[in-house]
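Enquirer: have a look at this prediction, sequence included:
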Amino acid sequence: MSHAKTLGLLFASLMALIQAALASPAGAQVAGAQPAAPPEIAFVSEPNFLKLPPDLYLGEVAGVAVSPAGRIAVFSRGNATGPAYGAAAAQLLEFDRDGRYIREIGHNLYAWSFAHAIRFDPQGNLWAADKGSDMVIRFDPEGRVTWVFGRKPEASDESAHPLGHPKPPLPPAPGMFRQVTDMAWDSAGNTYISDGYINSRVARIGPDGQWLGDFGEPGSGPGQFNTLHSIAVDRQDRIYVADRGNGRIQVFDTAGKLLKIITINVPAPADAPAAIGFRPEPGEAGGYGGASRTMQPGAPWALCITPGPTQYLYVSDAYPGRIYKLNLEGKVLGWLGGSGRQLKQFGWIHELACPAENELYVAELLNWWVQKLTLHPR
């Protein structure tokens, strides 16, 4: 082959590659290329942020929330009473924006059994999901109960016992929950409740407190769930559900139509420690009847969405114990932290509050504390 012909073929190949690149969608990866790894986000944690009275202690901190006025609520599995198994373990405390203790809300409330999550709605009402009593309670800003959803088993019933987990699960009933986990609101004032460990659905409550319906069922397919553990709604009324056992976040519209599925694929370091127990082995995604991805990297335990003109989604996992920052399309923009017992390390983050893009409050089960984080992204 002549030198001129060889150059001609090379030029034609180069032009074809350029035309293909120009025709590719923005952001598309060339075959064989690896996307850039998301950066680690620098941050600080404020030491001894919560100032508890001398005779008050936190247990496993299941929930944290920040009100529109800046007050901080903490839902702890403290103040436990009863036997080692089946003890009542829920206490709701309020602090000012500087972490100074203000009061306890709902002291010895009938619904308190096993704390799971708390949220402030846009009007400043505080909602609590109790996984043990299968109830959701709304408190007004004065701390009084205004709405009650669900019903716990009667103490006088001779057959009262912890909920069973039959497979397949029993059909869910309107207005009743089985191991409820979290709450969120759309712009019309509707409440979405993740009903969570057994019923595997999202319940919808109207602005007047009336039951409107639900969507979802057990499984690993699109629109199915394996432990709905956290829920959040963005400004466009898209509903983000932490489908923890399936290792993904599913996004729906207000009618329950599936819009997208987000997965977090940021590999864990080979030597990353587990917060407790053995490091999990890589496993397959599974749902009802399959293996759970609960302890796999990127499996969402907690979600929160920031306010502001540009919203971001923060997500935590249990292993390697990170927090991930995503845009609302699901792209991971960065990550921070890892498992441990020191400041700036995490032990099973159970709930996140993100009142600003670079301000996070982290509730941890294993470390029995709340950390206030200030992020310093590059």
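Expert: Structure's in. What do you need? Note that the structure is predicted; figures quoted are calculated from it, not measured.
Enquirer: residue 251 is in contact with residue 237, correct?
Expert: No. Residue 237 is not in contact with residue 251 according to C-beta atoms under 8 Å; the separation is 11.0 Å. No exception for glycine: its C-beta is placed from N, CA and C like everyone else's.
Enquirer: those two: who's more crowded?
Expert: residue 251 (20 against 14; other C-beta atoms under 10 Å).
Enquirer: residue contacts, the residue nearest the centre of the chain?
Expert: In the chain, the centroid-proximal residue (C-alpha atoms, centre = their mean) is residue 302; its distance is 1.9 Å. Neighbour list for residue 302: 229, 230, 242, 315, 316, 349, 350, 351, 352, 363 [criterion: C-beta atoms under 8 Å, 6 or more residues apart in numbering].
Enquirer: helix/strand/coil for the second one?
Expert: By that I understand residue 230. Following DSSP: H, G, I helix; E, B strand; the rest coil, residue 230 is assigned to strand.
Enquirer: chain neighbours aside, what residue packs nearest to it?
Expert: Excluding its sequence neighbours, the residue lying closest to residue 230 (C-beta to C-beta, 6 or more residues apart in numbering) is residue 242, at 3.9 Å.
Enquirer: need the pLDDT of the one you found.
Expert: You'll see residue 242 listed with a pLDDT of 98.
Enquirer: what is the nearest of the contacts of residue 302 to residue 146?
Expert: Of all those, residue 351 has the smallest distance to residue 146: 22.0 Å, by C-beta to C-beta.
Enquirer: related to what we said a few turns ago, please report how far the residue nearest to the centre of the chain lies from residue 90.
Expert: 18 Å (C-beta to C-beta, to the nearest Å).
Enquirer: ok, residue 167 next?
Expert: With C-beta to C-beta as the criterion, residue 167 and residue 90 are 28 Å apart.
Enquirer: what about those two, which has more around it?
Expert: Higher neighbour count among residue 167 and residue 90: residue 90, with 26 against 7, using other C-beta under 10 Å.
Enquirer: show me what counts as buried in stretch 268-277.
Expert: 268, 275 (16 or more other C-beta atoms under 10 Å).
Enquirer: give me the mean pLDDT for that stretch.
Expert: For stretch 268-277, the mean confidence score works out to 94.
Enquirer: now swap in stretch 310-319 and tell me
Expert: Rounded mean pLDDT across stretch 310-319 is 98.
Enquirer: what of stretch 333-345?
Expert: 98.
Enquirer: hmm, who's touching that stretch?
Expert: 38-45, 47, 266, 272-275, 312, 319-327, 346-347, 367, 371, 373, 375, 377.
Enquirer: which of these count as buried?
Expert: 38, 41, 43, 45, 275, 312, 319-326, 346-347, 367, 371, 373, 375.
Enquirer: tell me, how many residues neighbour the residue nearest to residue 204 when sequence neighbours are not counted?
Expert: The shortest distance from residue 204 to any non-neighbouring residue, by C-beta to C-beta, 6+ apart, is to residue 212 (4.4 Å). Neighbours of residue 212 under the rule other C-beta under 10 Å: 14.
Enquirer: and residue 212, what pLDDT?
Expert: pLDDT, read off for residue 212, is 98.
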